[in-house]
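Student: no FASTA, just this:
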């Protein structure tokens, strides 16, 4: 009898601005998502000092949550942006993009970053979308923002994901 091997959707998350909310939100969101989905594996790209697992994390979650540590260029002071870490943020993006282009990851998610800090750090940068288009050598890219909308909002009877609402006309028979 052949044993079935589990296949996972491999997501990569760039934790982006080290002095901002990116690392904390990325870790919390990844853990929550992994608790809801057993068919996903998540790799967080960022500095491991900023991405510490909470105590008592279920072994199943630990096995599907990887941290790809990247060294910071300068020490981080929470809430204090530092253009010396601009190349760190660009490096996170590059590692995730390269991983997607080479088939290691199936999809990429990004955390918030401060465009002006990257630009001040010496990299011309107008945003994630433009950078992604340039790195992938494509002329047309799109951004999708998702959020859970509470019941009552826009007349919804039950909470619905905004992405679900946008995609329903495309996927409904």
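Tutor: Everything's here; your move. Note that the structure is a prediction, hence the values are computed from the model and not measured.
Student: I'd guessed residue 131 sits against residue 119; true?
Tutor: No - using C-beta atoms under 8 Å, residue 131 is not in contact with residue 119; the gap is 11.3 Å. Yep, even glycine has a C-beta here, placed from its N, CA and C like the rest.
Student: Could you tell me how many residues sit around residue 140?
Tutor: 5 (other C-beta atoms under 10 Å).
Student: For it, give me phi and psi.
Tutor: Dihedral pair for residue 140: phi -130, psi 120, per degrees, to the nearest 10.
Student: From residue 133, how far out is it?
Tutor: 8 Å (C-beta to C-beta, to the nearest Å).
Student: returning to what we had before: give me the common contacts of residue 131 and residue 119.
Tutor: Each of residue 125 lies in contact with both residue 131 and residue 119 under the rule C-beta atoms under 8 Å, 6 or more residues apart in numbering.
Student: Looking at these two, which is more packed in?
Tutor: A count of neighbours by other C-beta under 10 Å puts residue 131 above the other of residue 131 and residue 119, at 21 against 14.
Student: give the contact list for residue 78.
Tutor: Taking C-beta under 8 Å, 6+ apart, one finds residue 19 in contact with residue 78.
Student: Could you do residue 76 as well?
Tutor: 18-19, 47, 50, 82, 85.
Student: One more: residue 73?
Tutor: 84-88.
Student: does it count as helix, strand or coil?
Tutor: Three-state call for residue 73 (DSSP: H, G, I helix; E, B strand; the rest coil): coil.
Student: Report pLDDT for it.
Tutor: Note for residue 73: predicted pLDDT of 94.
Student: what's the distance between it and residue 57?
Tutor: From residue 73 over to residue 57 (counting by C-beta to C-beta), the distance is 29 Å.
Student: same check, this time on residue 99
Tutor: 24 Å.
Student: neighbour count winner among these two?
Tutor: Each of residue 99 and residue 57 has its neighbours counted (other C-beta under 10 Å); residue 99 has more, 18 against 13.
Student: Tell me the buried residues in stretch 85-103?
Tutor: Buried residues in stretch 85-103, counted by 16 or more other C-beta atoms under 10 Å: 85-86, 88-93, 95-97, 99-100.
Student: ok, now stretch 63-73?
Tutor: So stretch 63-73, judged by 16+ other C-beta under 10 Å, has buried residues 64-65, 67-68, 70, 72-73.
Student: swap in stretch 44-59?
Tutor: Neighbour counts using 16+ other C-beta under 10 Å place 44-47, 50-51 of stretch 44-59 among the buried residues.
Student: Out of those residues, the closest to residue 34 would be?
Tutor: Nearest to residue 34 among the buried residues of stretch 44-59 is residue 44, at 11.1 Å by C-beta to C-beta.
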